[in-house]
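K.L.:
sequence first, predicted model second:
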Amino acid sequence: MTIGCRTTGGRPLRVTFPDVGQGDAIVIESPTGRVVVVDAGGHPGADPTAGMDPGSRVIVPYLRRRGISGVDLIVPTHPDDDHVQGLIAVVERTRVRAMLDSGFFRNGASYRVLRETVQRRKIPIYTARRGQRLDIGGGAVLEVLHPGDRPILGTASPTNENSIVLRVVYGRARVLLTGDAAEAAEDAMRASCPDLSADLLKAGHHGSAHSTTAAFLDRVRPRIAIVSCGRNNLYGHPSPAVLKRLADRNIAVYRTDRDGAIVAETDGRLWTVRPTR
């Protein structure tokens, strides 16, 4: 699928959504070759050192196939296993230069091992806060839209609601990466961010009914949505309610459970999206 208006010159921005089963993983390659890995999948409750995680099986092999030996930034959007476990292998098997963390801690085994591995390798850790902008080269910028200065508490899942939300901006093209942010986080962004627009949206929390709300979609106005979820998962993701919201707005939907890994590239105006299955 292709959207937008074609331009010429320069390398594209490439955003890949690998199939890591019931989890999230995103690899961003800037026009100048800088690499950002946002989450890397994982299996809740599994031994994070057993080598059976999606980082070892999917993400590191993908990076090697792309000729990538160094990662400029890893971003665990929040400390849940299905997002952070695979990042341990990324840190152990590539040269990682920095980590951007939500600052919302949880005493899970995978997150603890990730922090210990990062600290042992003396990789600097920065805390994400709304308003930060990170230049990743070639005119591409990461914008932090969430969390804000005060954490969201008193919800069913504070780790989800305090997920790091990033928008990748390159020319006129925009990608919104929402982690597991749910309705409270979406409401906070609608109240605090005048502009939430994006061409491509990664649906929050694997397509959970409590994320990607109608009010949020109407502010983002995406033309493409990516849902990262596992085949026949136990949670019923993506929710039929979310799929209906997307269909009602004529948003094209790609799903890792159905389409495999999804590769999106843009020259700053035109988007090309390719499912691998």
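P.N.:
Now that the structure is in, tell me what you want to look at. Residues are numbered from 1 along each chain as shown.
K.L.:
how about low-confidence regions in the stretch 51-200 of the chain?
P.N.:
By pLDDT under 70, the stretch 51-200 of the chain has no low-scoring segment.
K.L.:
could you redo the last one with a cut-off of 90?
P.N.:
Within the stretch 51-200 of the chain, the stretches with pLDDT under 90 are 51-52, 104-109, 151, 154-157.
K.L.:
mind listing the strands for it?
P.N.:
Here the stretch 51-200 of the chain has its strands, by DSSP state E, counting those that start in this stretch, at 70-71, 73-75, 95-96, 99-101, 125-127, 133-137, 140-146, 165-170, 173-177, 200-202.
K.L.:
any chance of those strands in TSV, plus distance to residue 183?
P.N.:
C-beta coordinates here come from the backbone N, C-alpha and C atoms, glycine included. TSV is the format used below for those (distance: least, CB to CB, whole Å):
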stretch	distance to residue 183
strand 70-71	32
strand 73-75	22
strand 95-96	33
strand 99-101	23
strand 125-127	24
strand 133-137	26
strand 140-146	13
strand 165-170	13
strand 173-177	16
strand 200-202	15
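K.L.:
could you say which of those strands is packed most deeply?
P.N.:
When those are scored by mean count of other CB atoms under 10 Å, the highest mean neighbour count falls to strand 200-202 (a mean of 26).
K.L.:
paired strands for that strand, with orientation please.
P.N.:
According to DSSP bridges, strand 200-202 has the following sheet partners: strand 173-177 (parallel), strand 224-227 (parallel).
K.L.:
contact partners of stretch 230-241?
P.N.:
The contact list for stretch 230-241, computed with CB atoms under 8 Å, 6 or more residues apart in numbering, reads 21-23, 203, 205-209, 227, 229, 255-258.
K.L.:
er, stretch 82-90 I mean
P.N.:
For stretch 82-90, contacts defined as CB under 8 Å, 6+ apart pick out 20, 22-25, 37, 39-44, 46, 48-49, 51, 53-56, 58-60, 63, 71, 74, 76-78, 96, 108, 110-111, 113-114, 117, 179-180.
K.L.:
swap the cut-off to 6 Å and go again
P.N.:
Here stretch 82-90 makes contact (CB atoms under 6 Å, 6 or more residues apart in numbering) with 23-24, 37, 39-42, 44, 48, 53-56, 59-60, 74, 76-77, 110-111, 113-114, 117.
K.L.:
those in helices, which ones?
P.N.:
Judged by DSSP state H, the contacts of stretch 82-90 include 54, 60, 110-111, 113-114, 117 as members of helices.
K.L.:
shouldn't residue 258 be within a strand?
P.N.:
No: under the criterion used here (DSSP: H, G, I helix; E, B strand; the rest coil), residue 258 is helix, not part of a strand.
K.L.:
okay, buried residues for stretch 60-73 please.
P.N.:
The neighbour-count criterion (16 or more other CB atoms under 10 Å) identifies 60, 62-63, 68, 71-73 as the buried residues of stretch 60-73.
K.L.:
now find how far off-centre it is within its chain.
P.N.:
Put simply, stretch 60-73 sits 17 Å off its chain's centre (CA atoms, centre = their mean, to the nearest Å).
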